[in-house]
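1. fold the following, please.
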Amino acid sequence: MTNIKLHDKKINSFLEFASDETVAAASAAAAGVLAGKKFAVKDNIAVEGMHLTCGSKILENFVSPYDATAVKKLKEAGAVCVGKTNLDEFGMGSSTDNSALAVTNNPWDLERVCGGSSGGSAAAVAAGMVPFALGTDTGGSIRQPASFCGVYGLKPTYGVVSRFGLVAYASSLEVCGIISNSVDTVRSVFEVIKGKDGNDQTSIEHIPADPAAETVAVLAGDLGLKPEVEAAYKKAVDGLKTAGFKIIEVELPMLDYGIAAYYTIAMAEASANLARYNGVRYGHRSAKAEGFEDLVRKSRDEGFGDEVKLRILLGTYVLRSGFQDQYYTRAQKIRTAVRNEFDSVFEKADLVLMPAFPTAAFKHGDQSLDQFQQKLADKFTVAANLTGMPAMSVPVSVEDGLPVGMQLMAPVFAEERIFRAAEKLAGVLPPAECPGKMEESND
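-> All right, here's what the predicted structure looks like:
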């Protein structure tokens, strides 16, 4: 653990480390398919005896009394949790700069963001501190940081990985997923954590789809990508051709409506889910309050950051009487239309290749990509969350010294189809290692 802690000082991917004694004891007792394999956990997923902050002051001192189902399954398979990683507060952001507790740097370039909201997990994996980490993906929060950090990031089919122990943000959209430096590790971890869970009524059994894939759909026209990402997209298309895939061009006009629908749904659900943080039962309690209403108001004002407050306010607005049909219900109809459009594409293609983000990792405080522009840039990733389909970010190129990943998307339950295609693509476009990556250590 000493080497990991030292290496992380310049990156700040971790918010908390497990004690050396806990890691040593777990490693000594490890048995199973992942025996002794170290992993990190995004700090909105419960690990017994460790903090569960969600990157927020409102939960800064909260310690989880139990393990999330995914964490429990990993421990039972012999994996060893070494710590909790940083994130945008409650998973709301694309940079991890929205964390109230730390700023995480991209290990490829410390002046740049690592992506978000699972940025700490992606940075820890890219820097070689752990071979894999758990993250969560509500609108691209695994795939975008994986792209920024040059690693693999899987957003599974909705429901096949239990959300029990995941702090809710937007319940109908978010999933637990995996970030790793190899497809084989992603596959192995996915096999361990998938499956129906009696503690999560939205969970379902994974019924594997046909893993064979011959045809990949790519997006036609001007996608609005920065030159470095456009170059990487072309390399990925050419790489798939070289790997033996047939390429067809498709248009997905509903992508232009997906962002508005996604944020309407996500903010509405966030408004409901975050109402529980009121300073009464747990979490931050204002010391300045006088009376119950004042306690709730001041606790939430002191505990939540600006981005979280914005999303709660907007979510509350769209759920108001008289507005719900105008906004929330209409957004759900657009969600269905997006799903229908992808179903049509998958009648003629086995996979869809899309960018993960229109830019490579940007610098901390980059004013040309403010919070609003970052939301618009989620155009390509939110589709998998709206449809419930699996998608994985795959590293394909290094442009101007920065990694760029693309995402492969498949029909529900077709994760293995993605894994096999990613392996073939890696044979043509091998992933680059992060400069200064930490050597694997057994300490």
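2. how about the strands in the stretch 301-443 of the chain?
-> 351-355, 391-399, 402-409 (DSSP state E, counting those that start in this stretch).
3. for residue 428, which of the ones you listed is the nearest?
-> Shortest separation from residue 428 across the strands of the stretch 301-443 of the chain is recorded for strand 391-399, at 9.3 Å, computed as CB to CB. Just so you know, the C-beta spots here come from the backbone N, C-alpha and C atoms, and that holds for glycine as well.
4. phi, psi for residue 172 please.
-> For residue 172, the backbone dihedrals (degrees, to the nearest 10) come out as phi -90, psi 0.
5. ok so, going back, which one of the strands of the stretch 301-443 of the chain lies closest to residue 63?
-> Smallest distance to residue 63 across those (CB to CB): 31.8 Å, for strand 391-399.
6. pLDDT on the closest one, on average?
-> Strand 391-399 shows an average pLDDT of 98 in the prediction.
7. circling back: nearest to residue 158, of the strands of the stretch 301-443 of the chain?
-> With CB to CB as the criterion, residue 158 lies closest to strand 391-399 of the strands of the stretch 301-443 of the chain, at 11.2 Å.
8. enumerate every residue touching the residue most central in space within the chain.
-> Geometric centre of the chain, nearest residue: residue 142, 2.2 Å, by CA atoms, centre = their mean. The neighbourhood of residue 142, defined by CB atoms under 8 Å, 6 or more residues apart in numbering, consists of 118, 121, 122, 135, 136, 153, 154, 155, 177, 178, 179, 393.
9. could you dump the residues you listed to JSON lines with neighbour count, secondary structure and distance to residue 323?
-> Output for the contacts of residue 142, formatted as JSON lines (neighbours: other CB atoms under 10 Å; DSSP: H, G, I helix; E, B strand; the rest coil; distance: CB to CB, whole Å):
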{"residue": "118", "neighbour count": "35", "secondary structure": "coil", "distance to residue 323": "32"}
{"residue": "121", "neighbour count": "41", "secondary structure": "helix", "distance to residue 323": "36"}
{"residue": "122", "neighbour count": "37", "secondary structure": "helix", "distance to residue 323": "36"}
{"residue": "135", "neighbour count": "34", "secondary structure": "strand", "distance to residue 323": "33"}
{"residue": "136", "neighbour count": "25", "secondary structure": "strand", "distance to residue 323": "28"}
{"residue": "153", "neighbour count": "35", "secondary structure": "strand", "distance to residue 323": "35"}
{"residue": "154", "neighbour count": "31", "secondary structure": "strand", "distance to residue 323": "36"}
{"residue": "155", "neighbour count": "32", "secondary structure": "strand", "distance to residue 323": "30"}
{"residue": "177", "neighbour count": "30", "secondary structure": "strand", "distance to residue 323": "32"}
{"residue": "178", "neighbour count": "30", "secondary structure": "strand", "distance to residue 323": "38"}
{"residue": "179", "neighbour count": "35", "secondary structure": "strand", "distance to residue 323": "37"}
{"residue": "393", "neighbour count": "34", "secondary structure": "strand", "distance to residue 323": "35"}
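10. can you redo the residues you listed as JSON lines with distance to residue 248?
-> Converted to JSON lines, the contacts of residue 142 look like this (distance: CB to CB, whole Å):
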{"residue": "118", "distance to residue 248": "31"}
{"residue": "121", "distance to residue 248": "34"}
{"residue": "122", "distance to residue 248": "31"}
{"residue": "135", "distance to residue 248": "31"}
{"residue": "136", "distance to residue 248": "32"}
{"residue": "153", "distance to residue 248": "25"}
{"residue": "154", "distance to residue 248": "24"}
{"residue": "155", "distance to residue 248": "23"}
{"residue": "177", "distance to residue 248": "28"}
{"residue": "178", "distance to residue 248": "29"}
{"residue": "179", "distance to residue 248": "30"}
{"residue": "393", "distance to residue 248": "22"}
